[in-house]
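> Next comes the sequence, and after it the predicted model I'd like to discuss.
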Amino acid sequence: MDRTRPLTLLIAGSLAAGGLLALTPAAQAADAELARNGGFEAGLDGWTCTAGSGAVVPSPVHGGTKALQATPAGSDNAKCSQTVTVKPNSTYTLGGWVRGSYVYLGATGTGTTDVSTWTGSAPDWQKLTTSFTTGASTTAVTIYTHGWYGTPAYQADDLSLYGPGGDPVQLPAAPTGLTAGSPTSTSVPLSWTAVPGATSYHVYQGATRIQTVTGTTATATGLTASTPYTFQVTAVNSAGESPKSAAVTATTTSGGGGGGGGLPAHALVGYLHASFANGSGYTRMADVPDSWDVIDLAFGEPTSVTSGDIRFSLCPVTECPGVESPAEFKAAIKAKQAAGKKVLISIGGQNGQVQLATTAARDTFVSSVSKIIDEYGLDGLDIDFEGHSLSLQTGDTDFRNPTSPVIVNLIQAVKTLKAKYGAKFVLTMAPETFFVQLGHQYYGSGPWGGQDPRAGAYLPVIHALRDDLTLLHVQDYNSGSIMGLDGQYHSMGGADFHIAMTDMLLTGFPVAGNTDRFFPPLRPEQIAIGLPASTQAGNGHTAPAEVNKALDCLTKKTNCGTYQTHGAWPSLRGLMTWSINWDRYNQWAFSKNFDAYDWN
């Protein structure tokens, strides 16, 4: 709520001559209240809170009828801020009332020393106060309040900034230098030159505003392949919105990225235990039913974690008494391919840690994988890097421009393989949710360090290879609870989990809550949902009826339950399962349910 200090006039004493009274020379104007809507009586008007963390509540309040309540998350401190016009070389007092644990109040952009104050514990309303002096050229500062990562919600009320009011904010100029980067079939990256005095930018696609960002980059997503689009940008501050920039036009690339044409509109993908045995028993290639459209040979594994030297051989007869000979195996692969099926070598798995930390390992990876593909006449490659194969080095914070060697070298290796084998090369990936959807909350070691550096580590790989990628089938099993785009945590085992996780891939999401670093959506024909084939195959088995609910919601927007998707995608490619062997063990319940599902 706005408040103004009372003006105090200093009265001079009586003049000796004539007993007349006179005022001292003109006094300076009193300090003014500069914070807009500091009592939050007008909602969040004037305030911006990170990642939708702030809300106005009727209780508890310090004064008036409303107060701010903001809820931190694991990678978000629930910062709420506003920019205020000030005068250079002037002193200001910032104050406010707060409740909660680890609540901060401060100011940035002062031009001298930025200030903050905090309380570690305020079970009831506590006053925080600090002051600062602006620099010689400072005309605006940002005041803020925030909590701490992962702590409960805090409240703030009656925030005030007292001091001399600054000159009126001028409308920013129209942005210049708007440039479109290299489009994909569904997205166009944009960048422009910063505008002095701008606090944010609106991005327009044609006449429609599609994004608001604080930086000078954005990515337009959800576009149609082989289509021209026109974009403009405006600059925004408290005075309003600038005129639009000059327009730039970009045309998306053709669809079908990833090659591997020939897959049916809705495909079933399965892993075949070809190099080992377990409780599910061995299944010969020739005995794999026609239900399976993509067969991933599990697994090619490295000679050592960092060698990049991948080897594959059939299960030893001592371990798998029914194993076929190499010649029979290769003949069965050719028969599957003649029937329109795709057979890939899957690299990694639970025990096959692969870290391409050097260019030598990268090159060895390319040559050894090529040898396997050529020897068995395979259609392509499945990347199933798990465990500690992929992680992000400290300071590697932008999925669009990765710097960690294990990430960069993998991307380069796969691009080399794609170039070698051409458009028909099938590329699939089977990351765990920890490496993909968790990136919505956490990315790498985080802004303060201490996070798991593997969090979200697949995102730069997927993004760099999205135009080469045939299928992404994230493992929606053996997973902890993951936050969806609805801000709620979802747990595996039911339709809700698969709906929420898949909606993220088809809608896109800000990485680590940063709207300036938005992971663009993939095309629905690039997505299959990964599930265990039976209760023995992995944690998070989903009953066939729940699988069908998930497909209904994602393709028809029916049977969605409590989670509402951001669209319907009838061309969703299908399902993946671990594994063909476990499905056989379970009397083919998984594949029979897929075959019976009505996609129309």
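All right, it came through fine. Everything numeric here is computed off the predicted structure, so don't read it as measured data.
> where does S131 sit relative to L159, distance-wise?
Using CB to CB, to the nearest Å, one gets 14 Å for the distance from S131 to L159. From N, CA and C alone the C-beta is placed, and that goes for glycine too.
> More neighbours: which of these two?
L159 (27 against 14; other CB atoms under 10 Å).
> mind listing what the nearest residue in space to T221 that is not next to it in sequence touches?
With sequence-adjacent residues excluded and distances taken as CB to CB, 6 or more residues apart in numbering, T221 is closest to P520, at 4.1 Å. Taking CB atoms under 8 Å, 6 or more residues apart in numbering, we find P520 in contact with T184, T186, S187, T219, T221, H463, R466, G508.
> just F434 next, same as before
Contact analysis of F434 by CB under 8 Å, 6+ apart lists R454, A455, S479, G480.
> from those, which single one is nearest A589?
In terms of CB to CB, no member of those lies closer to A589 than S479, at 21.6 Å.
> ok now do that closest one, which residues does it touch?
Per CB under 8 Å, 6+ apart, neighbours of S479: E432, T433, F434, M492, F497, N539, G540.
> list the helices and strands the helix or strand harbouring the fifth one packs on?
Which is F497. Taking DSSP states H and E as the criterion, F497 maps to helix 495-507. If you count contacts as 3 or more CB pairs under 8 Å, 6 or more residues apart in numbering; DSSP states H and E, helix 495-507 packs onto strand 482-483, strand 489-490, strand 528-532, helix 544-556.
> export these to a markdown table and tack on mean neighbour count?
Shown next, in a markdown table, are those (neighbours: other CB atoms under 10 Å):
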| stretch | mean neighbour count |
| --- | --- |
| strand 482-483 | 21 |
| strand 489-490 | 17 |
| strand 528-532 | 25 |
| helix 544-556 | 20 |
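> Take the ones you listed and lay them out in TSV including distance to V84 and mean pLDDT.
Formatted as TSV, those follow (distance: least, CB to CB, whole Å; pLDDT from 0 to 100):
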stretch	distance to V84	mean pLDDT
strand 482-483	33	94
strand 489-490	37	94
strand 528-532	49	98
helix 544-556	46	96
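> Between these, which one is closest to N351.
Distance to N351, taken as CB to CB, is lowest for strand 528-532 among the helices and strands packed on helix 495-507, at 17.6 Å.
> Touching, V188 and T253? I think so.
No - using CB atoms under 8 Å, V188 makes no contact with T253, being 10.0 Å away.
> Let's see the pLDDT reported for the residue nearest to T221.
P520 carries a pLDDT score of 90 in this model.
> Run through the stretch 1-150 of the chain and note the low-pLDDT ranges.
1-30, 52, 74-75 (pLDDT under 70).
> export the helices and strands packed on helix 495-507 to a markdown table and tack on distance to F276?
Putting these into a markdown table (distance: least, CB to CB, whole Å) gives the following:
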| stretch | distance to F276 |
| --- | --- |
| strand 482-483 | 29 |
| strand 489-490 | 32 |
| strand 528-532 | 17 |
| helix 544-556 | 27 |
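> Indicate which one of the ones you listed is closest to L314.
Checking the helices and strands packed on helix 495-507 against L314 by CB to CB gives strand 528-532 as the closest, at 24.2 Å.
> For that closest one, name the packing helices and strands.
Using 3+ CB pairs under 8 Å, 6+ apart, strand 528-532 sits against helix 495-507, strand 574-578.
> Quick check: neighbours of the shortest one in the sheet, parallel or antiparallel?
Strands flanking strand 574-578 in the sheet, each with its direction: strand 267-273 (parallel), strand 528-532 (parallel) (DSSP bridges).
> To F40, which of the ones you listed lies closest?
That would be strand 528-532 among those, by CB to CB, at 42.6 Å.
> Spell out, range by range, the strands that occur in the stretch 1-150 of the chain.
Remark: strands assigned in the stretch 1-150 of the chain by DSSP state E, counting those that start in this stretch are 32-33, 48-49, 54-57, 67-70, 80-85, 91-100, 103-108, 115-119, 122-133, 140-146.
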